[in-house]
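Undergrad: Just to be clear, the model below is a prediction. Sequence and coordinates:
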Amino acid sequence: MVGLIVSAVAFTSRRRATDAALLRRQATVLQGCSRDVVAADDTKAIVSITAQALAALFHVPVVVILVLEGKVVSVESLGDLESQHAEIEAARSSLATGLFSRAGVYPSLASRFDFWPLATSKGQGAAIGLAFDPDERPSAPATNVDIVGCFLALALDRQLFRASRDARPKPKGSDR
């Protein structure tokens with residue numbers, strides 16, 4: 001009986017230590033992502049940083065697809081799966097509905113990626129795709145994907161704001 005209790009306590013302690021280490025690693029990745037996205041000066045770098053952070057968090061293939069006015073303007077992939085036509089269509093569908101799209105489930109039967117849609121305030125959209133192994137899917141990936149997605153949306157909005165600000169005519173006599 002004592003051996004059973006000691007074994008259960010040891011298992012619980014080991015599990016808590018593993019969970020704490022995972023949370024520390026995730027917090028470090030998220031903190032680095034936020035710092036790097038803020039420092040990035042162009043859209044390509046922002047998307048690349050986002051994809052790298054998601055790959056570091058989940059250790060699965062990642063695709064980040066940017067869409068502007070219904071047209072795909074950028075695709076950033078990391079991992080051993082390249083996005084195909086089915087993934088682009090699944091990303092567009094997810095953006096159009098504003099709903100999460102799971103790989104292999106209607107309407108994205110041929111897609112290998114789960115997609116989370118992201119709309120910015122300036123009309124640009126992005127779909128974040130992760131290709132999980134069905135047998136090793138994390139229990140709640142949406143929380144970390146949403147956090148990284150918010151960093152991406154904020155940075156994209158900042159880029160569009162800067163571009164619109166720089167495109168405006170400057171008033172006479174102003175150095176701004």
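TA: Alright, I've got the coordinates. Numbers count the residues shown, from 1 in each chain.

Undergrad: roughly how far apart are D146 and E82?
TA: Between D146 and E82 the computed distance is 25 Å (Cβ to Cβ, to the nearest Å). Glycine gets a C-beta too; all of them are placed from N, C-alpha and C.

Undergrad: and if you look at P117?
TA: Applying Cβ to Cβ, the value for P117 to E82 is 21 Å.

Undergrad: helices and strands around the helix-or-strand element of the chain with minimal mean pLDDT, which ones?
TA: Every helix and strand of the chain was ranked by mean pLDDT, DSSP states H and E. The lowest is helix 2-39, at a mean of 83. In terms of contacts (3 or more Cβ pairs under 8 Å, 6 or more residues apart in numbering; DSSP states H and E), helix 2-39 is packed against helix 43-58, helix 142-167.

Undergrad: Can you list the buried residues in it?
TA: When burial is assessed from 16 or more other Cβ atoms under 10 Å, helix 2-39 yields the following buried residues: Q26, V29, L30, C33, S34, D36, V37.

Undergrad: Quickly name whichever of these is closest to E136.
TA: Q26 (16.5 Å; Cβ to Cβ).

Undergrad: hang on, isn't that closest one packed against L57?
TA: Yes - contact between Q26 and L57 holds when scored by Cβ atoms under 8 Å: they sit 6.1 Å apart.

Undergrad: which residues are in contact with both of those two?
TA: Among the neighbours of Q26, those also in contact with L57 (Cβ atoms under 8 Å, 6 or more residues apart in numbering) are N144.

Undergrad: mind showing which ranges of the chain have poor pLDDT?
TA: Along the chain, segments meeting pLDDT under 70 span 170-176.

Undergrad: out of the buried residues of helix 2-39, which one sits closest to P134?
TA: Comparing these against P134 with Cβ to Cβ picks out Q26 as the nearest, at 21.9 Å.

Undergrad: any idea how far the closest one is from V64?
TA: 19 Å.

Undergrad: now do A55
TA: Computed as Cβ to Cβ, the A55 to V64 distance reads 10 Å.

Undergrad: Compare the two (neighbour count), which wins?
TA: The residue with more neighbours, out of A55 and V64 and counting by other Cβ atoms under 10 Å, is V64; that gives 27 against 17.

Undergrad: May I ask which helix or strand encompasses that one?
TA: Under the assignment given by DSSP states H and E, the secondary-structure element containing V64 is strand 62-68.

Undergrad: Any idea how far that strand is from the middle of the chain?
TA: Here strand 62-68 shows a centroid-to-chain-centroid distance of 9 Å under the convention Cα atoms, centre = their mean, to the nearest Å.
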